[in-house]
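Participant: all I have is the shape, not the residue letters:
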């Protein structure tokens, strides 16, 4: 059984705070890790596709790191804004598994103005 | 770019009826489309992978005769829930991909079977 765990389950922060959350995945047979941002009533939006151990990717105030040897990825948001409120999902692809995404349950972030 | 639409956004139907959900890639041709289902408090679960012009590949435990997938063109895939029952009530969401990486998602369809 492949498990993708995300923590915390939910998070409430004040506007301006920086925050981070974790995605844990099986460290064997790694192919790729995806991060998505999902606002209520909208389509999930792709943030990052990470493939190499030690990868660090950045998109505006959001960045992510990847450690494939120990099986975790961190997502960081610097200076959170109310519009960052969403559920952040990670999904793992195992090598040889035909691009099948195995999803975590997500971290629900609420940024209070 | 890379917009995927899904229709309808929600549907309520009587038990025993069939429901068709459409997934369209609006501004690109999708080589592959995926159908997912999400039950409350659970993660997205892949139901099937669909390539244009060929039969869909279903995940273990997903009945292909109950969840009919048609991928007739590079921009349209449909999922038909046949003879829907209350236990089929769920959130169904599709995605489309250009290459082997990013999947672009539709907004999803919430199905309630009475």
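Facilitator: Nice, thanks for sending it over. What you are looking at is a predicted structure, and each value in this text was computed from that prediction instead of being measured.

Participant: from here on, just use CA atoms for contacts and neighbour counts.
Facilitator: Noted.

Participant: hey, where'd the strands end up in chain A?
Facilitator: Applying DSSP state E to chain A gives strands spanning A:5-7, A:10-14, A:19-24, A:30-38, A:45-50, A:56-59, A:62-67, A:72-77, A:86-94, A:102-103, A:107-112.

Participant: I meant chain B, not that one.
Facilitator: B:4-7, B:10-13, B:19-25, B:32-38, B:45-51, B:57-58, B:67-73, B:76-81, B:90-97, B:103-105, B:109-113.

Participant: quick one: closest of those strands to chain A.
Facilitator: The minimum distance between chain A and those falls on strand B:103-105, with 5.6 Å, by CA to the nearest CA.

Participant: picking up where we left off before, mind checking which of the strands of chain B is nearest residue A:52?
Facilitator: When those are compared by CA to CA, strand B:103-105 sits nearest residue A:52, at 18.8 Å.

Participant: can you give me the buried ones in the worst-scoring helix or strand of chain B on mean pLDDT?
Facilitator: Each helix and strand of chain B was given a mean pLDDT (mean pLDDT, DSSP states H and E); the minimum falls on strand B:67-73 at a mean of 90. Within strand B:67-73, the residues that count as buried by 16 or more other CA atoms under 10 Å in any protein chain shown are B:67, B:68, B:69, B:70, B:71.

Participant: got those residues as TSV, with distance to residue B:84 columns?
Facilitator: Shown next, in TSV, are those (distance: CA to CA, whole Å):
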residue	distance to residue B:84
B:67	10
B:68	12
B:69	15
B:70	18
B:71	21
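
Participant: is it possible to get a markdown table of those that adds distance to chain A?
Facilitator: Formatted as a markdown table, the buried residues of strand B:67-73 follow (distance: CA to the nearest CA, whole Å):
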| residue | distance to chain A |
| --- | --- |
| B:67 | 19 |
| B:68 | 19 |
| B:69 | 17 |
| B:70 | 19 |
| B:71 | 18 |
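
Participant: just these now: which is nearest residue B:27?
Facilitator: Using CA to CA, residue B:71 comes nearest to residue B:27 of the buried residues of strand B:67-73, at 16.7 Å.

Participant: OK, contacts around the residue of chain A found nearest chain B?
Facilitator: Closest contact between chain A and chain B, by CA to the nearest CA, is at residue A:43 (4.1 Å). Neighbouring residues of residue A:43 by CA atoms under 8 Å, 6 or more residues apart in numbering or on different chains: B:105, B:106, B:107, B:108.

Participant: neighbours of residue A:42, how many?
Facilitator: Residue A:42: 12 surrounding residues under other CA atoms under 10 Å in any protein chain shown.

Participant: which residues touch the residue nearest to it when sequence neighbours are not counted?
Facilitator: Spatial nearest neighbour of residue A:42, excluding adjacent residues (CA to CA, 6 or more residues apart in numbering or on different chains): residue B:107 at 5.2 Å. Contact partners of residue B:107, counting by CA under 8 Å, 6+ apart, are A:41, A:42, A:43, A:44, B:4, B:5, B:6, B:9, B:93.

Participant: same thing with residue A:93?
Facilitator: Contacts of residue A:93 (CA under 8 Å, 6+ apart): A:30, A:31, A:32, A:33, A:99, A:100, A:101, A:102.

Participant: now do residue A:24
Facilitator: By CA under 8 Å, 6+ apart, the neighbours of residue A:24 are A:4, A:5, A:6, A:71, A:72, A:73.

Participant: give the buried subset of the residues you listed as a ChimeraX selection command.
Facilitator: The ChimeraX selection below is limited to those of these classed as buried (16+ other CA under 10 Å):
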select /A:4,5,6,71,72,73
